[in-house]
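# Sharing a model that was predicted from the sequence below.
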Amino acid sequence: MVRITTSTTDLLTCNIDEVIEIMEACVGSPGEDIWLFANGGHPCLAAIVSGHLAVLHFFLNDNGDMYQSIGRHTEDIELQVNGEIMLMSSDAIIPVDKALDAARQFCNTFERPTCIDWRDL
């Protein structure tokens, strides 16, 4: 089971395609905070999506074991998420299609996706 939460959705499902469909609906938004929880808890994958760009965070547990996507975007970007302006570093920004690939892999394994690079935080 995967729990997905966005600004408009809070759903527990076994259907990975449904999860990806919800995430795809957020593509193009000026800023959306998406959370995927394995069986409703940890590990979890968080995606900040803006337009066709994303930054991912993977939280292994409650003990502070977390990771951030490594990207190669050309410039930092400001995102408005939940009413707050956040500056995202260019070296964390990935294309949204890679974020969707990572989300699909997470939903299948409940492990840190291997289809993108990560840095320890």
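Yep, that arrived.
# Do you have the strands of this protein handy? List them.
Secondary structure of the chain (DSSP state E): strands at 2-5, 10-13, 32-38, 41-50, 53-59, 66-69, 77-81, 84-88, 94-95, 118-120.
# ranking those strands by mean pLDDT, which is last?
Mean pLDDT values for the strands of the chain show the minimum at strand 77-81, a mean of 78.
# So what touches that strand?
Under the criterion CB atoms under 8 Å, 6 or more residues apart in numbering, residues 30-33, 48, 50, 53, 85-88, 90, 93 lie in contact with strand 77-81. For every residue, glycine as well, the C-beta is placed using N, CA and C.
# Run the angle between that strand and strand 41-50 for me.
Put simply, strand 77-81 runs at 120 degrees to strand 41-50, going by axes from the mean of the first three to the mean of the last three CA atoms, to 10 degrees.
# Give the pairing partners of strand 77-81; include direction for each.
Next to strand 77-81 in the sheet, as set by DSSP bridges, lie strand 84-88 (antiparallel).
# Leaving out chain neighbours, which residue sits closest to the residue nearest the centre of the chain?
Of all residues in the chain, the one closest to the mean position by CA atoms, centre = their mean is Ala47, 2.0 Å from it. Of all residues not flanking Ala47 in the chain, Ile34 sits nearest, at 4.4 Å (CB to CB, 6 or more residues apart in numbering).
# give me the number of residues near that neighbour?
As a burial measure, Ile34 scores 23 neighbours (other CB atoms under 10 Å).
# and what of Asp17?
10.
# Next: the one 10 residues further on.
Other residues near Val27 number 17, with proximity taken as other CB under 10 Å.
# Who are the contact partners of the nearest residue to it once chain neighbours are set aside?
Nearest residue to Val27, sequence neighbours excluded (CB to CB, 6+ apart): Val96, at 5.3 Å. Neighbouring residues of Val96 by CB under 8 Å, 6+ apart: 27, 49, 51-54.
# let's see 6 Å
27, 49, 52, 54 (CB atoms under 6 Å, 6 or more residues apart in numbering).
# now that we have those, which one has the most neighbours?
Ala54 leads those on contacts (other CB under 10 Å) with 30 neighbours.
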